[in-house]
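> Sharing a sequence plus its predicted fold:
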Amino acid sequence: MARYKDVDSGTKLLAVDLGLQLLPGTFEHALSHLIDHELDLSHFDAHYRNDDTGSKAYPPAMLLKVVLFAYSQGIVSSRAIERACRDHVTFMALSGDSTPHFTTIADFVSGREKDIVQVFSAVLAICLRQGLIGQEMFAIDGVKLPSNASKGKSGTRAEFQRQLAKLEAAAAAMLQRHREQDNKPIEPDLHSKEQQRLESLQREASNLKQWLARHPDRKGPSGSIRKSNRTDNESAKMATSKGVIQGYTGVAAVDARHQVIVEAQAHGTGSEQELLLPMVEGMKEVIKERSLLTVDAGYHSEKNLQALEAQGIDALVADNELRRRDERFATQSRHQQGADPLHDKSHKEKHAALYEPADFTYDPENRTCICPAGKALQRSGTHQDKRGYVGDRFRGSDKQCQQCPLRKRCLRNPDKPAGRQVTFFRDKAPAPQSATARMKRKIDSPEGRRRYGRRFATVEPVFANIRHNKRLNRFTLRGRRKVDAQWKLYCIVHNIEKLMNYGNMTWKT
């Protein structure tokens, strides 16, 4: 029988050169090289006031290495990062065998928003210098992720005020019941539980009252009331394919050459139309005259298209009817899941009880109309609907309709003396040329379809890398600025991987 040497993977005391643990060609080696030799992190120094007194702080370069490498491995929790610095040899090599406390790591991630923005810009500048950004086509898209906020504590001020009234009423009723039972024997355990419940209701009501006093109504760009959230008022309740979440939208603008993220922002709104212009403003340093923006239908609006035209930006912005007009999507229904025949909730076709325009005889040449009773109706002018279609309007005389035996089948309110009205639409009235119409012609052209077709393959793999490979399934911070910084950290990880794979840098060993 063959014999083999024992392999012991247990605890050992070894003399290890930590620098040699960062193998060339790995992400951690590229990360360490960039931070040590390419990035200027002096702007972090402004946060520290220990020049003469106080204990020494952990170097921002070390903390940045540890956090970015942890995010690349799908580790987000500051406690888990601290544990990895204590137990994992790669983290030891990046941290110099120091073990920063999890509160230090959490404060670095949540309290250095402006510095993280500068790091993102510095890495992007290196990508541009290395020729990884073509600046010919950019694709903009976003992903909705839950945040560290309770969906159950979301609502309008009116809903919170009703909730407050219920809490106060419940607390008052319980307090009154306690007073009525003061002279009666009560089980000690039951009494303590009711007392805890009463204190909980009073505490919740007090917190809710204080929150209402500090926070006014949230309003959207159109002036409509938006729901607030008591745990993170800058987050938003938004609908996704997997249900309604309380969170943020992480938006990224991606260059087509090597899928480098040139701009990243996180916003507490599910309305993508509001996010296009802020993204374009953040990209103004990389957009050139030859650059093309490709954006999906969620960001489409007449206002956005007019703003892009005013800035002279070449863009292809899809509308909601793009796929209906494109013959390439004519067979897309075959790939969709069919309805469950045992769970069919579709509305059955209903036959109209009243006469419809199809029951009237309309002569478009002579512009006359005969009702189902054989009477000629009088033409009362033309009518244009909201979609711009123009048609002839006809009306029966009040006297004629009152004596008609078919009155109950012709009028919704046969008791009223008014006669029947009916309109036959012909053509669409010529409308003033809009930015949407110009964009439709542009994107429906063969060249527009070819160029827009690159959007999906440019931006979607980026979200697949961040969400699947890096396992970003939720934001762990609260507040838009902090969530924005965390989103940028993940985008920095993505861009460093692009530098490692496609850059021409000399990685020092």
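Yep, that arrived.
> buried set for the longest helix along the chain?
Scanning the chain for the helix with the most residues, using DSSP state H, yields helix 188-214. By neighbour count on 16 or more other Cβ atoms under 10 Å, the buried set for helix 188-214 is 198, 201-202, 204-205, 208, 211-212. (Each C-beta comes from the backbone N, C-alpha and C, glycine too.)
> Which one among the residues you listed sits at the bottom for pLDDT?
Within the set of these, pLDDT is lowest for W211 (68).
> shaky segments in the stretch 301-450 of the chain?
The model of the stretch 301-450 of the chain has pLDDT under 70 over residues 335-352, 384-388, 428-432.
> swap the cut-off to 80 and go again
For the stretch 301-450 of the chain, the stretches with pLDDT under 80 are 328-353, 382-389, 417, 426-433.
> can you give me the helices for it?
Assigned by DSSP state H, counting those that start in this stretch, the stretch 301-450 of the chain shows helices spanning 302-310, 322-325, 398-402, 407-410, 435-444, 446-452.
> Make TSV from those and add mean neighbour count and distance to K470 to it.
Output for the helices of the stretch 301-450 of the chain, formatted as TSV (neighbours: other Cβ atoms under 10 Å; distance: least, Cβ to Cβ, whole Å):
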stretch	mean neighbour count	distance to K470
helix 302-310	16	30
helix 322-325	14	30
helix 398-402	14	71
helix 407-410	16	65
helix 435-444	16	32
helix 446-452	14	28
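> Minimum distance to Q378: which of those helices has it?
Q378 lies closest, by Cβ to Cβ, to one member of those: helix 398-402, at 9.4 Å.
> which other helices and strands contact that closest one?
Helices and strands touching helix 398-402, by 3 or more Cβ pairs under 8 Å, 6 or more residues apart in numbering; DSSP states H and E: there are none.
> ok so, going back, so which elements touch the longest helix of the chain?
Packing partners of helix 188-214 (3+ Cβ pairs under 8 Å, 6+ apart): helix 157-180.
> any idea of the angle the helix it packs on forms with helix 188-214?
Using axes from the mean of the first three to the mean of the last three Cα atoms, to 10 degrees, the direction of helix 157-180 lies 150 degrees away from that of helix 188-214.
> from the chain's centre, how far out does helix 157-180 sit?
Centroid separation for helix 157-180 versus its chain: 36 Å, with Cα atoms, centre = their mean, to the nearest Å.
> Buried ones in it, by neighbour count?
Those would be 157, 160, 163-164, 167-168, 170-171, for helix 157-180 by 16+ other Cβ under 10 Å.
> now swap in stretch 37-55 and tell me
For stretch 37-55, burial by neighbour count (16+ other Cβ under 10 Å) applies to 39, 41, 44.
> one step back: how about TSV for the helices of the stretch 301-450 of the chain, with distance to K144 added?
Converted to TSV, these look like this (distance: least, Cβ to Cβ, whole Å):
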stretch	distance to K144
helix 302-310	19
helix 322-325	21
helix 398-402	55
helix 407-410	50
helix 435-444	25
helix 446-452	23
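> Which one of those lies nearest to N50?
Of all the helices of the stretch 301-450 of the chain, helix 302-310 sits nearest to N50, with 47.2 Å by Cβ to Cβ.
> how about T240, what does it touch?
By Cβ atoms under 8 Å, 6 or more residues apart in numbering, T240 lies in contact with K144.
> mind checking how far it is from G247?
9 Å (Cβ to Cβ, to the nearest Å).
> Show me whatever sits in contact with both of these two.
Each of K144 lies in contact with both T240 and G247 under the rule Cβ under 8 Å, 6+ apart.
> do you know how far Q378 is from V76?
73 Å.
> who's more crowded, those two?
More crowded of Q378 and V76, by other Cβ atoms under 10 Å: V76, with 22 against 13.
> Please save the CA atoms from stretch 316-333 in PDB.
Only the C-alpha atoms of stretch 316-333 are listed here, as PDB (Å, rounded to 0.1, in the frame of the first residue of the first chain):
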ATOM      1  CA  LEU A 316     -29.100  57.900 -28.400                       C
ATOM      2  CA  VAL A 317     -31.900  57.700 -25.800                       C
ATOM      3  CA  ALA A 318     -34.400  54.900 -26.300                       C
ATOM      4  CA  ASP A 319     -38.100  55.400 -25.700                       C
ATOM      5  CA  ASN A 320     -40.700  53.000 -24.400                       C
ATOM      6  CA  GLU A 321     -41.900  52.000 -27.900                       C
ATOM      7  CA  LEU A 322     -38.400  51.300 -29.400                       C
ATOM      8  CA  ARG A 323     -38.800  47.500 -29.300                       C
ATOM      9  CA  ARG A 324     -42.200  47.600 -30.800                       C
ATOM     10  CA  ARG A 325     -40.800  49.500 -33.800                       C
ATOM     11  CA  ASP A 326     -37.700  47.300 -34.200                       C
ATOM     12  CA  GLU A 327     -38.400  44.100 -36.200                       C
ATOM     13  CA  ARG A 328     -35.500  42.300 -34.500                       C
ATOM     14  CA  PHE A 329     -37.800  42.100 -31.400                       C
ATOM     15  CA  ALA A 330     -40.800  40.800 -33.300                       C
ATOM     16  CA  THR A 331     -40.400  37.300 -31.800                       C
ATOM     17  CA  GLN A 332     -39.500  38.300 -28.300                       C
ATOM     18  CA  SER A 333     -42.800  37.000 -26.900                       C
END
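> For it, what is the distance to the chain centroid?
On Cα atoms, centre = their mean, the centre of stretch 316-333 falls 23 Å from that of its chain.
> Secondary structure class of F120, three-state.
Assigned state for F120: helix (three-state reduction, DSSP: H, G, I helix; E, B strand; the rest coil).
> I'd say it and Y490 touch.
No: the criterion here is Cβ atoms under 8 Å, and F120 misses it with Y490 at 10.4 Å.
> Stretch 144-152 - what's its average pLDDT?
Averaging pLDDT along stretch 144-152 gives 88.
> nope, stretch 247-264 is what I meant
Averaging pLDDT along stretch 247-264 gives 96.
> Ends of that stretch, what's the gap?
One end of stretch 247-264 sits 16 Å from the other (Cα to Cα, to the nearest Å).
> What residues does V89 make contact with?
For V89, the contact set (Cβ under 8 Å, 6+ apart) comprises 16, 18, 21.
> buried subset of these?
Among the contacts of V89, those classed as buried by 16+ other Cβ under 10 Å are Q21.
> just the contacts of V89 now: which is nearest L31?
Closest approach between these and L31, by Cβ to Cβ: Q21, at 13.0 Å.
> Relative to E113, how far out is the closest one?
Using Cβ to Cβ, Q21 is found at 31 Å from E113.
> Surely G479 touches T231?
No: counting by Cβ under 8 Å, G479 stays clear of T231, with 10.7 Å between them.
> Which one of the two is surrounded by more residues?
When G479 and T231 are compared for neighbours, G479 comes out ahead with 19 against 15, by other Cβ under 10 Å.
> pLDDT wise, what is the more buried one at?
Predicted confidence (pLDDT) for G479: 92.
> I75 sits in which helix or strand?
Of the helices and strands defined by DSSP states H and E, none includes I75.
> Please name the residues that touch it.
Neighbouring residues of I75 by Cβ under 8 Å, 6+ apart: 81, 84.
> rerun at 6 Å
Listed by Cβ atoms under 6 Å, 6 or more residues apart in numbering, the contact set of I75 reads I81.
> And it, how close does it get to G25?
Using Cβ to Cβ, I75 is found at 22 Å from G25.
> Could you do R420 as well?
According to Cβ to Cβ, R420 and G25 sit 81 Å apart.
> Between these two, which is the more surrounded one?
Ranked by neighbour count (other Cβ under 10 Å), R420 and G25 place R420 first, with 24 against 9.
> Quick check on the more buried one: phi, psi?
R420 adopts backbone torsions of phi -80, psi 140, taken as degrees, to the nearest 10.
> any idea how far it is from A93?
Distance of R420 to A93, given as Cβ to Cβ: 85 Å.
> What residues are bridge-paired with R395?
Residues in a beta bridge with R395, per DSSP bridges, are Q378, Q421.
> Good, wrapping up.
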